[in-house]
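**Q** Give me a model of this one.
(chains A and B)
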Amino acid sequence: MASHSIDVTKDHCPMTFVKAKIALSKLQAGEQLEVLLLEGEALNSVPKAAVEQGYKLISLNHHTANIHRVVFEK
Amino acid sequence: MSIQDLSSEQQIMQASPKQKKISIISFSGDFDKLVAAFTLASGSAAVGYEVNIFFTFWGLNILKQKQGRSFVGKGFLARFFNFLMGGKKNVPLSRLNFGGISPKLMTSMMRKKNVATLDELIEASLAIGVNLYACEMSMHILGITKDDFIPEVKGVLGVPTFLEISEGGQTLFI
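**A** Take a look at the predicted model:
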């Protein structure tokens, strides 16, 4: 279970990415963050950018309707 | 996109860790163009880009500490100009400004639609490390100094230094 979580499904560009980035940057080594993302731009870009920035993608699952649950680890 | 795709991408990124970069020249100082500049800036920084914004001419108004109309600057004409231009609270919409009412209406529409306002975009940009720079030449014309700006302004630059910091990335003029 992720120690931190954030829901950015109500946000729009660029705040989806900004909030995810800020939440990721607060993680300590070994900590996990669960991010709820909408299908589309957010789901396409947030996991990719996080991986590019060195975070480990632990899981990517369908949550509800058009929302996906992604877990990252620092 | 699958976890496997992202894992292989991670290996590629580790092999070539050079950071991507975008530099924005913020010239117009219009509300809508500032929204575009700070949206691009914060969005780019959030996905790992180094972001620099170089404010020049009308663009400098958004950096002023005094957000309303104020006689800042050195010299009668400069102070008069700065009063007319004002600060962050006076930035006009590039079209249909209607004497300054439209930016307020637009901000209210943005709030209602849960879209970040100009203030929120600036705050977000600063929170994730967007670098703000001011144009030395424009400041000289307007008789203003770095002390007239918000403290987050990282430096006062001329063209050669801007070229140096923007080298190797994309540059946009807004």
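**Q** Output the lowest mean pLDDT helix or strand found in chain B.
**A** helix B:3-15 (a mean of 52; mean pLDDT, DSSP states H and E).
**Q** ok, then the element right after that one?
**A** Per DSSP states H and E, helix B:3-15 leads on to strand B:21-26 as the next helix or strand towards the C-terminus.
**Q** Quick one: check that following strand for contact with chain A.
**A** No. Contact of strand B:21-26 with chain A (Cβ under 8 Å from any Cβ of the partner chain) is absent, the minimum separation being 12.6 Å. From N, CA and C alone the C-beta is placed, and that goes for glycine too.
**Q** Tell me how confident the model is about the helix or strand just after that strand, as a mean pLDDT.
**A** Per DSSP H and E, the first helix or strand lying C-terminal to strand B:21-26 is helix B:31-46. On average, the pLDDT along helix B:31-46 is 98.
**Q** which one is residue A:8 nearest to, not counting chain neighbours?
**A** residue A:16 (4.6 Å; Cβ to Cβ, 6 or more residues apart in numbering or on different chains).
**Q** I'd say the one you found and residue A:46 touch.
**A** Yes. The criterion here is Cβ atoms under 8 Å, and residue A:16 meets it with residue A:46 at 6.8 Å.
**Q** which residues are in contact with both of the two?
**A** Common contacts of residue A:16 and residue A:46 (Cβ atoms under 8 Å, 6 or more residues apart in numbering or on different chains): A:8, A:37.
**Q** Against residue B:87, how distant is the residue nearest to residue A:8?
**A** 29 Å (Cβ to Cβ, to the nearest Å).
**Q** For chain B, which residues score under the pLDDT cut-off?
**A** Applying pLDDT under 70 to chain B flags residues B:1-18.
**Q** so where do the strands sit in it?
**A** Counting by DSSP state E, chain B has strands at residues B:21-26, B:50-55, B:131-135, B:153-157, B:170-173.
**Q** Any chance of TSV for these, columns distance to residue A:3 and mean neighbour count?
**A** Below are those laid out as TSV (distance: least, Cβ to Cβ, whole Å; neighbours: other Cβ atoms under 10 Å in any protein chain shown):
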stretch	distance to residue A:3	mean neighbour count
strand B:21-26	33	22
strand B:50-55	29	24
strand B:131-135	32	22
strand B:153-157	34	16
strand B:170-173	37	13
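**Q** Distance to residue B:76 for those strands - can I get that in JSON lines?
**A** JSON lines is the format used below for the strands of chain B (distance: least, Cβ to Cβ, whole Å):
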{"stretch": "strand B:21-26", "distance to residue B:76": "27"}
{"stretch": "strand B:50-55", "distance to residue B:76": "24"}
{"stretch": "strand B:131-135", "distance to residue B:76": "22"}
{"stretch": "strand B:153-157", "distance to residue B:76": "23"}
{"stretch": "strand B:170-173", "distance to residue B:76": "32"}
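**Q** how near is the closest residue to residue B:30 other than its chain neighbours to chain A?
**A** Counting by Cβ to Cβ, 6+ apart, the nearest residue to residue B:30 once its immediate chain neighbours are dropped is residue B:94, at 3.9 Å. Here residue B:94 is placed at a distance of 20 Å from chain A (Cβ to the nearest Cβ, to the nearest Å).
**Q** do residue B:43 as well
**A** 3 Å.
**Q** Count the residues that sit near that residue.
**A** Neighbouring residues of residue B:43 were enumerated by other Cβ atoms under 10 Å in any protein chain shown; the total is 25.
**Q** Does it touch residue A:20 like I think?
**A** No. Between residue B:43 and residue A:20 there is no contact under Cβ under 8 Å: 11.3 Å.
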